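1. how does the following fold in three dimensions:
(one chain, ligands or ions: 1)
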Amino acid sequence: MFLKRNVECTMNKILEIELNKNHIIEKEKLFNLFTSFFDEEFGFDFNDNSVEIQLGTIDYNSFKLHVNKTLANEILNDETKDVLKKIFDSISAVKSYGLKGNKRVYVDYNKEIKVKNRKEKQNNRGQFFYTNGNNFSTINNELPDEFNNKIICGDSLEMLKKLPDNCIDAILTSPPYNFGLDYAATDDDANWEKYFEKLFAIFTQCIRVLKYGGRAIINVQPLFSDYIPTHHIMSDFFIRQKMIWKGEILWEKNNYNCKYTAWGSWKSPSNPYLKYTWEFLEIFCKGDLKKQGIADNIDISADEFKKWVVGKWSIAPEKNMKDLNHPAMFPEELAMRALKLFSFKNDIILDPFNGAGTTTTVAKKLNRRYIGIDISEEYCTTAEKRLVSYLF
Ligand SMILES: C[S@@+](CC[C@H](N)C(=O)[O-])C[C@H]1O[C@@H](n2cnc3c(N)ncnc32)[C@H](O)[C@@H]1O
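-> Numbers count the residues shown, from 1 in each chain. Here you go, the predicted model:
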């Protein structure tokens, strides 16, 4: 009998497990066990002295249950059980896999790398060359107590000037969109040049107060109807300030009922209007891609890490905007992922456009310290209430 089933994918991770020639191994029983459990995305090839496992996609938790059940009953002899255990342990030891629903997707990442001497070539090209000559100080400072875990009402441009240099671990924020929204204390329809002038003055302060190695995570939605690529203009600003562009996360909101039903010139190439269901998170680092922090203060799980380093996050828009009376909040899930992925417990998190306090609430929930600034007294009161109310 042919104890072999191959997977048609060159990217699969292959495990080779040796079999002891002197043992009586019931290969046929093992083969049947595997074929009954695994779908086509899993292959195996039993030879005289070894078995080759071609890892594709498996529901690892069901697999574990299945193996434990088999080991607990008398279907297999002891020597075959040893082999099954060896196979299970080898699969469990593979830590590089992706996630698809409940399933683990295994790929041999070594085969994915097609560029030879990648690191050397990267160095020759000059990674983030645009930060050359930055004069960021590497000396970080303590945040004075009076600002620690505080919601501050005021104009960020003025308030941030009160903070020392290099005292904030991470900034998570969503600046006013300039869409014409009804914020409580500001108009949201400034002339674009004035808008960027003010925003960049605030961002300059943000960069100053960030620690060396600190991160700025900016949630931004371009105003497509004005043909203003806000995310590019802001990124260009940070890059010119010699911040490292770490990357971009696409926040897919799946809000397909978005407006502008006229779609520009209807059914004509003359001027079709593009529709978007997503926003961006632009991420920048000050001076260093690596952030200092102790291992005990990491709170992201392995599965969360694997899912969230894929730069497209599908998260529904915030549902409580009406109740909290704020027109442009981001959801807690978004803040939670950003903070767990880019900061450590006990880090100091700043939001200079804190609104109804999503960043500060999530920072508190995740045992980070926080400082939230907003120009509206009403929003600051809401942010304060949220800090208390989530506890009950
Ligand atoms: C897009 S909202 C942020 C919402 C927030 N992410 C949340 O989830 O609640 C932008 C906020 O910036 C505030 N704002 C506008 N100009 C400001 C300024 N100069 N200083 C501080 N806050 C300002 C507005 O009041 C508004 O709440």
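2. quick one: the helices in the chain?
-> 27-37, 60-72, 78-93, 109-112, 118-125, 156-160, 192-209, 230-240, 302-308, 321-324, 332-342, 358-365, 377-389 (DSSP state H).
3. tally of neighbours for the residue in the stretch 101-250 of the chain positioned nearest to the ligand?
-> Relative to the ligand, the nearest point of the stretch 101-250 of the chain is residue 156 (3.6 Å; Cβ to the nearest ligand atom). In this view, the C-beta of every residue, glycine as well, is placed from N, C-alpha and C. Using other Cβ atoms under 10 Å, residue 156 has 25 other residues around it.
4. that one contacts residue 203, doesn't it?
-> No. Using Cβ atoms under 8 Å, residue 156 is not in contact with residue 203, being 9.7 Å away.
5. find the nearest non-adjacent residue to the residue of the stretch 101-250 of the chain closest to the ligand, please.
-> residue 352 (4.0 Å; Cβ to Cβ, 6 or more residues apart in numbering).
6. was I right about the one you found contacting residue 204?
-> No. Using Cβ under 8 Å, residue 352 is not in contact with residue 204; the gap is 11.4 Å.
7. between the two, which has more neighbouring residues?
-> Counted by other Cβ under 10 Å, residue 352 and residue 204 do not tie: residue 352 has more neighbours, with 27 against 13.
8. what's the pLDDT at the more buried one?
-> On the pLDDT scale, residue 352 is placed at 98.
9. then residue 338?
-> Looking at residue 338, its pLDDT is 98.
10. which of the helices of the chain has the lowest mean pLDDT?
-> Among the helices of the chain, helix 109-112 scores lowest, with a mean of 61.
11. how many residues are close by the residue in the chain positioned nearest to the ligand?
-> Closest contact between the chain and the ligand, by Cβ to the nearest ligand atom, is at residue 355 (2.6 Å). For residue 355, the tally of surrounding residues (other Cβ under 10 Å) stands at 28.
12. residue contacts, it?
-> 174, 326, 328, 329, 374, 376, 379, 383 (Cβ atoms under 8 Å, 6 or more residues apart in numbering).
13. quick one: strands adjacent to the strand of greatest length in the chain?
-> Ranked by residue count and defined by DSSP state E, the top strand of the chain is strand 210-220. Sheet pairing of strand 210-220 (DSSP bridges) gives strand 168-173 (parallel), strand 278-285 (antiparallel).
14. indicate which one of those strands is closest to residue 47.
-> strand 278-285 (48.2 Å; Cβ to Cβ).
15. and the protein, what are its domain boundaries?
-> 4-112, 141-389 (automatic domain parsing).
16. so where's the stretch 151-300 of the chain uncertain?
-> For the stretch 151-300 of the chain, applying pLDDT under 70 flags the ranges 256-263.
17. hmm, try it at 90
-> 178-191, 222-226, 254-269, 271-276 (pLDDT under 90).
18. first-to-last residue distance for stretch 21-34?
-> Distance between the two ends of stretch 21-34: 21 Å, counting by Cα to Cα, to the nearest Å.
19. no, scratch that, I was asking about stretch 359-372
-> 8 Å.
20. tell me which residues are up against it.
-> By Cβ under 8 Å, 6+ apart, stretch 359-372 touches 143, 147-152, 168, 172-173, 299, 332, 335-336, 339-340, 343, 345-351, 354, 357, 380, 383, 386-387, 390.
21. circling back to that earlier point, make a markdown table out of the helices of the chain and add distance to residue 103.
-> As requested, the helices of the chain are exported to a markdown table (distance: least, Cβ to Cβ, whole Å):
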| stretch | distance to residue 103 |
| --- | --- |
| helix 27-37 | 13 |
| helix 60-72 | 8 |
| helix 78-93 | 13 |
| helix 109-112 | 18 |
| helix 118-125 | 29 |
| helix 156-160 | 45 |
| helix 192-209 | 41 |
| helix 230-240 | 33 |
| helix 302-308 | 12 |
| helix 321-324 | 35 |
| helix 332-342 | 21 |
| helix 358-365 | 29 |
| helix 377-389 | 37 |
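22. okay, those, which one's buried deepest?
-> helix 358-365 (a mean of 26; mean count of other Cβ atoms under 10 Å).
23. is any part of that helix close to the ligand?
-> Yes. Helix 358-365 reaches the ligand (Cβ under 6 Å from any ligand atom) through residue 358.
24. skip the chain neighbours and tell me the closest residue to residue 349.
-> residue 363 (4.3 Å).
25. thinking again about what came up before, distance to residue 124 for the domains of the chain - can I get that in CSV?
-> Converted to CSV, the domains of the chain look like this (distance: least, Cβ to Cβ, whole Å):
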stretch, distance to residue 124
domain 4-112, 22
domain 141-389, 18
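26. nearest to residue 129, of these?
-> Comparing the domains of the chain by Cβ to Cβ, domain 141-389 comes nearest, at 10.5 Å.
27. show me how far the closest one is from its chain's centre.
-> With Cα atoms, centre = their mean, to the nearest Å as the basis, domain 141-389 stands 14 Å off its chain's centre.
28. pull up the distance across it, start to finish.
-> 32 Å.
29. next one: stretch 165-176
-> For stretch 165-176, the end-to-end distance is 24 Å (Cα to Cα).
30. next one: that stretch, is it in contact with the ligand?
-> Yes. Against the ligand, stretch 165-176 shows contacts by Cβ under 6 Å from any ligand atom at 174, 176.
31. what comes up buried for that stretch?
-> 165, 166, 167, 168, 169, 170, 171, 172, 173, 174, 175, 176 (16 or more other Cβ atoms under 10 Å).
32. hmm, residue 357 is touching residue 384, no?
-> Yes. Using Cβ under 8 Å, residue 357 is in contact with residue 384, at 7.4 Å.
33. which neighbours do the two share?
-> Joint contacts of residue 357 and residue 384 (Cβ under 8 Å, 6+ apart) are residue 151.
34. which positions in this protein make contact with the ligand?
-> Of all the residues in the chain, those lying near the ligand are 155-157, 174, 176-177, 183, 185-186, 326, 328-330, 353, 355-356, 358, 373-376, 379, going by Cβ under 6 Å from any ligand atom.
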